[in-house]
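> The following comprises the amino acid sequence and a computationally predicted model.
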Amino acid sequence: MIKTIYPAYNTITLNPRLGRSHMNFNDIKKMAKDMGLKTAGMKKIDLVRAIQRAENNIDCFGTERVETCHEDPCLWRIECLALNVKR
């Protein structure tokens with residue numbers, strides 16, 4: 001089970017249909033910086049995976065693991081699923 005505490009970020013939006021949040025790149029970058037991670041030159045996928053590692057979670061964002069993922073409360077789940085649909 002993924003366990004994460006997220007501070008409030010200005011542009012988190014909630015998808016009422018899916019009941020999940022979406023964060024833009026700058027929010028993700030701020031979250032990573034707040035965790036003490038270096039973010040220079042990192043792409044969104046790399047930032048999310050770095051955050052996952054820092055939280056002692058599996059760094060699986062955007063990988064094929066989504067096909068067997070049961071981490072429903074994951075903050076990144078909707079975007080992860082969308083990335084894998086595009087492949």
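Sure, I can see it.
> Show me the shaky parts of this protein.
By pLDDT under 70, the weakly predicted segments of the chain are 1-22, 86-87.
> Pop out the phi and psi values for Gly41.
phi 70, psi 10 (degrees, to the nearest 10).
> Near it, how many residues? Count them for me, please.
For Gly41, the tally of surrounding residues (other CB atoms under 10 Å) stands at 6. Glycine gets a C-beta too; all of them are placed from N, C-alpha and C.
> For Asp59, see how far away it is.
Applying CB to CB, to the nearest Å, one obtains 18 Å for the distance of Gly41 from Asp59.
> Can you name the residues that contact the residue nearest the centre of the chain?
Here the mean C-alpha position of the chain is nearest to the C-alpha of Trp76 (CA atoms, centre = their mean), at a distance of 3.5 Å. If you count contacts by CB atoms under 8 Å, 6 or more residues apart in numbering, Trp76 has them with Val48, Gln52, Phe61.
> Is it correct that the first one falls within a helix?
Which is Val48. Yes - per DSSP: H, G, I helix; E, B strand; the rest coil, Val48 lies within a helix segment.
> mind listing what it touches?
Contact analysis of Val48 by CB under 8 Å, 6+ apart lists Ile28, Phe61, Gly62, Trp76.
> May I ask which two of these are separated the most?
Spatial extent of the contacts of Val48 (CB to CB) is set by the pair Ile28 and Gly62 at 12.7 Å.
> For the helix or strand hosting Glu79, name the packing helices and strands.
Under the criterion DSSP states H and E, the helix or strand holding Glu79 is helix 77-86. Contact analysis of helix 77-86 by 3 or more CB pairs under 8 Å, 6 or more residues apart in numbering; DSSP states H and E lists strand 20-22 as its packing neighbours.
> ranges for the strands of the chain?
Assigned by DSSP state E, the strands in the chain fall at 13-15, 20-22.
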